[in-house]
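**Student:** Model the structure of this input:
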Amino acid sequence: MFCPHCGTACLPENKFCKSCGAAIGAAGNAQAAAAPQPAAPAPYPGAYPGAPAPPPGMVPVLYQAYPGGPQQVYYMPAQGGRAQAGGGILAGIQDKIRALASSDKLEGFSLKDLFKETLTKRGGDAIEDYLSVGSPRTTPPLELVDTNWPKPWMFFRVLAALAIAYGAYYALFLYSLNEKVLIGTIVLATFAVPVATMTLIWEMNAPRNVSIAKLIEVFVVGGGISIVLATLWYLIPIFGNLPGIVEETSKLVAVILVTYSVRGSRYPYQLNGILFGAAVGAGFACSETLGYGVDSVLQFVQGGGLQQILAANPQGVSLAVVLEAILKPLVSELNMRALLSPFGHPMFTAISAGAFYRVKGDRPISASMLLDGRFLRAFLIPVVLHQIWDSGLAAGSSNVLIQWVGEGAVAVIGWYVVFTMIQQGLHQVRDMQKAQLQHTLNHVEATLGLGARIPVMQQQAPAGV
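**Tutor:** The predicted model follows:
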């Protein structure tokens, strides 16, 4: 027998519902007949008339501890559910991007909320504890992982510290014209923003299972391997104008090579792939920026800048004066590329490696994963975005407006995809938590000889309800 008011299963001899206290049986039927209410349609098979509909994205599950025992309905997230698409041109574009990336609509996401703890004061102990996670002994258990949107804050401290150091070195060089300070200025200008971007993605890695030592290894080794591979690709003339294919493939291969020996169970999360991709992309960006800095010096010399200095000082010129003249175009190039780096290589490779790790999961890496349709469709996004970034529509355009519009579109689309993948990674962790909890409950129930959870969708509505 079921209560006509709340649907709770009751024994035939019960006169009142043990859940809501309403009269049941003959008294309940008389009361219901005296004040008839239009019954709402059942929101799912097996539900009593008038039952509330499940929350969006949730599936009702009926729990019965033992045959003939009381039944209780609770809700679990639906597997593979997707949010309803909205209308309008912008929504249509977002739907197409998400379909290509095999990701879902952003839910509960806000940039303001994401960075609201950036300026929160923290003591030295808190910072040290925050940075010490990721080793086999300091990785938090899966059940303690927070799957809500992270609140990153360390990246800002890294950026601020490196920016202050860069400004101090630059001012010291201009004051002293000491060539020994120049190297530090160049290194800080090159590494500050890419390293801060990599730190941001490290903070978005909710499982906290990647240590700083591992991150530095991927950054240095993976960045170096990707530069070598791209350079070899560019030796083939046909690939000279295809940076999207050459560089994105080289960086993805570097991610695979640097993590190939790692057991699948150590880094099974899509968020790990996003982080490894961002680290390799940051390493590639730093090396590339240094290369463009050297190009700016060569262009200065080949353009006659050095000859002009010598002609203006026929009595001779000191090394410090030459370095000061060279530093201006060099720093200008480094600053521009540093400011744009969050919208380039770290972002691109985070997408491609995140898509690869989504297919990989906790399995060992295999070549067949590169042929998976979900990976190939998502990999197309950074390839195309990178090609647009380096094409005449963006960086090479003589029209400044077209250049900035093109680069702005690439930046917005790229980070939108990154955040949808991060959300997907958080959902993956949440599903793994639920699977672990379900396994534990099943083990306990089997040990105690109890019943099991049965999806409500498989239940039939009780007769007469």
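**Student:** Could you report the distance from A353 to I256?
**Tutor:** According to C-beta to C-beta, to the nearest Å, A353 stands 9 Å off from I256. (C-beta placed from N, C-alpha, C; glycine too.)
**Student:** Three-state assignment for the residue lying farthest from the centre of the chain, please.
**Tutor:** Distance from the C-alpha centroid of the chain, by C-alpha atoms, centre = their mean, peaks at Q315 (58.9 Å). Classification of Q315 by DSSP: H, G, I helix; E, B strand; the rest coil places it in coil.
**Student:** So for it, what's the pLDDT?
**Tutor:** Looking at Q315, its pLDDT is 70.
**Student:** my guess is V133 contacts S211, does it?
**Tutor:** Yes: shown here, V133 and S211 form a contact pair, counting by C-beta atoms under 8 Å, at 7.1 Å.
**Student:** For the stretch 351-465 of the chain, just list every one of the strands.
**Tutor:** Secondary structure of the stretch 351-465 of the chain (DSSP state E, counting those that start in this stretch): strands at 453-455.
**Student:** give me the low-pLDDT residue ranges for it?
**Tutor:** 392-399, 449-465 (pLDDT under 70).
**Student:** and the longest helix anywhere in the chain, what does it pack onto?
**Tutor:** When secondary structure is assigned using DSSP state H, the longest helix within the chain turns out to be helix 400-448. Here helix 400-448 touches strand 71-77, helix 89-101, helix 270-302, helix 345-360, helix 373-390, going by 3 or more C-beta pairs under 8 Å, 6 or more residues apart in numbering; DSSP states H and E.
**Student:** Going toward the C-terminus from the second one, what's the next helix or strand?
**Tutor:** Past helix 89-101, heading to the C-terminal end, the next element that is a helix or strand (DSSP states H and E) is helix 111-114.
**Student:** what does the longest one give?
**Tutor:** Heading C-terminal from helix 270-302, the first helix or strand you meet, by DSSP H and E, is helix 305-312.
**Student:** count of neighbours near the closest residue to L131 other than its chain neighbours?
**Tutor:** Excluding the flanking residues, the one nearest L131 by C-beta to C-beta, 6 or more residues apart in numbering is I212, at 5.8 Å. The burial count assigned to I212 is 14, neighbours taken as other C-beta atoms under 10 Å.
**Student:** same deal with F173?
**Tutor:** Residues contacting F173 under the criterion other C-beta under 10 Å number 23.
**Student:** A165 too?
**Tutor:** For A165, the count of nearby residues is 15 (other C-beta under 10 Å).
**Student:** Repeat that for L188.
**Tutor:** 20.
**Student:** so it sits right up against I164, yeah?
**Tutor:** No: assessed by C-beta under 8 Å, L188 is found out of contact with I164, at 9.5 Å.
**Student:** re earlier: how far away from the center of its chain is the longest helix of the chain?
**Tutor:** A distance of 7 Å separates the centroid of the chain from that of helix 400-448, by C-alpha atoms, centre = their mean, to the nearest Å.
**Student:** If I take it and helix 89-101, what angle do their directions form?
**Tutor:** Here the directions of helix 400-448 and helix 89-101 differ by 60 degrees (axes from the mean of the first three to the mean of the last three C-alpha atoms, to 10 degrees).
**Student:** mind putting the helices and strands packed on helix 400-448 in a markdown table, mean neighbour count and distance to P60 included?
**Tutor:** Shown next, in a markdown table, are these (neighbours: other C-beta atoms under 10 Å; distance: least, C-beta to C-beta, whole Å):
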| stretch | mean neighbour count | distance to P60 |
| --- | --- | --- |
| strand 71-77 | 15 | 5 |
| helix 89-101 | 14 | 27 |
| helix 270-302 | 23 | 28 |
| helix 345-360 | 29 | 28 |
| helix 373-390 | 20 | 29 |
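**Student:** W415: which of these is closest?
**Tutor:** Proximity to W415 (C-beta to C-beta) singles out helix 345-360 among the helices and strands packed on helix 400-448, at 6.2 Å.
**Student:** Now do that closest one against helix 373-390, angle only.
**Tutor:** Using the same axes, to 10 degrees: helix 345-360 against helix 373-390 is 170 degrees.
**Student:** Dump helix 345-360 to PDB, keeping only the CA atoms.
**Tutor:** Extracted C-alpha coordinates of helix 345-360, given in PDB (Å, rounded to 0.1, in the frame of the first residue of the first chain):
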ATOM      1  CA  HIS A 345      50.400  27.400 -27.000                       C
ATOM      2  CA  PRO A 346      49.400  26.500 -23.400                       C
ATOM      3  CA  MET A 347      45.700  26.900 -24.400                       C
ATOM      4  CA  PHE A 348      46.000  25.000 -27.700                       C
ATOM      5  CA  THR A 349      47.900  22.000 -26.200                       C
ATOM      6  CA  ALA A 350      45.600  21.900 -23.100                       C
ATOM      7  CA  ILE A 351      42.700  21.200 -25.500                       C
ATOM      8  CA  SER A 352      44.500  18.500 -27.600                       C
ATOM      9  CA  ALA A 353      46.000  16.700 -24.600                       C
ATOM     10  CA  GLY A 354      42.800  17.000 -22.700                       C
ATOM     11  CA  ALA A 355      40.900  15.300 -25.600                       C
ATOM     12  CA  PHE A 356      43.500  12.600 -25.800                       C
ATOM     13  CA  TYR A 357      43.400  11.800 -22.000                       C
ATOM     14  CA  ARG A 358      39.600  11.800 -22.200                       C
ATOM     15  CA  VAL A 359      39.900   8.800 -24.600                       C
ATOM     16  CA  LYS A 360      42.900   7.300 -22.700                       C
END
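**Student:** which other helices and strands contact it?
**Tutor:** Counting by 3+ C-beta pairs under 8 Å, 6+ apart, helix 345-360 packs on helix 179-203, helix 243-259, helix 270-302, helix 373-390, helix 400-448.
**Student:** how about those, which one is nearest N335?
**Tutor:** helix 179-203 (6.4 Å).
**Student:** neighbouring contacts of stretch 223-239?
**Tutor:** Outside stretch 223-239, the residues within contact range by C-beta atoms under 8 Å, 6 or more residues apart in numbering are 240, 245-247, 249-251, 253-254, 257-258, 279-280, 282-284, 286-288.
**Student:** for it, what is the average pLDDT?
**Tutor:** Averaging pLDDT along stretch 223-239 gives 93.
**Student:** when you give positions from now on, start the count at 50
**Tutor:** In the new count, where the first residue is 50, that last one comes out as stretch 272-288.
**Student:** And for A427, nearest residue in space, chain neighbours not counted?
**Tutor:** Nearest one to A427, counting by C-beta to C-beta, 6+ apart, is A404 at 3.4 Å.
**Student:** check contacts around the one you found.
**Tutor:** Neighbour list for A404: A150, S151, G322, R423, F424, A427, F428, M470 [criterion: C-beta under 8 Å, 6+ apart].
**Student:** Touching, the fifth one and V408? I think so.
**Tutor:** The one in question is F424. Yes: the criterion here is C-beta under 8 Å, and F424 meets it with V408 at 4.8 Å.
**Student:** which neighbours do these two share?
**Tutor:** Between them, F424 and V408 share these contacting residues under C-beta under 8 Å, 6+ apart: M418.
**Student:** Nice, that's everything, thank you.
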